[in-house]
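Undergrad: Turn this into a structure:
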Amino acid sequence: MVTVAVFVLLSAVVLPRYLEARDAALISTMVNQGLSFAKACAVINSSGIGEKPVIAAVDAMRGGVLITQGCQSLTENTGAILEVTWGLARADGVRCLDQLSTLTSQKAILTVSKSNDLSCSFVS
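TA: Numbering: from 1, shown residues only. Coordinates of the predicted model:
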């Protein structure tokens, strides 16, 4: 009887909280990785030295970072746009610069302007 009560408690309360924390950690890691790549793009664009960061392929289940435009050395600075996706994970309150994610957010768009200013927005 006690075992069943403990199992029910774990299933109803602890497991969902654990899954929420795990998803928030995943999304936060992905967004921070995207910010690191965006900063690298800004340095490459402003100095003309270096090569576009090598980023692993985006996986629909795990998420990933994708540079969709810009971030090229030895060319005119066109800025850069990076997309950070996190698949099926959901969490609210993940910070990206001055923005916070919502529970419906599915990706973050990081933009490096021609003047190398960074901006971030979450997209549902």
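Undergrad: List the residues that contact S28.
TA: A91, V94, R95 (Cβ atoms under 8 Å, 6 or more residues apart in numbering). Glycine gets a C-beta too; all of them are placed from N, C-alpha and C.
Undergrad: if I've got this straight, it is in a strand?
TA: No: S28 is assigned helix when assessed by DSSP: H, G, I helix; E, B strand; the rest coil, not a strand.
Undergrad: K39: neighbouring residues, count only.
TA: 15 (other Cβ atoms under 10 Å).
Undergrad: Phi, psi for it please.
TA: Backbone torsions of K39, given as degrees, to the nearest 10, read phi -60, psi -40.
Undergrad: what sits against D92?
TA: Applying Cβ under 8 Å, 6+ apart, the residues near D92 are L100, S101, T102, L103, S105.
Undergrad: check which helix or strand covers it.
TA: Secondary structure from DSSP states H and E places D92 outside every helix and strand.
Undergrad: tell me the centre residue of this protein?
TA: Closest residue to the average C-alpha location of the chain: V31 at 2.5 Å, with Cα atoms, centre = their mean.
Undergrad: Tell me how far it lies from A25.
TA: Separation of V31 from A25 (Cβ to Cβ, to the nearest Å): 11 Å.
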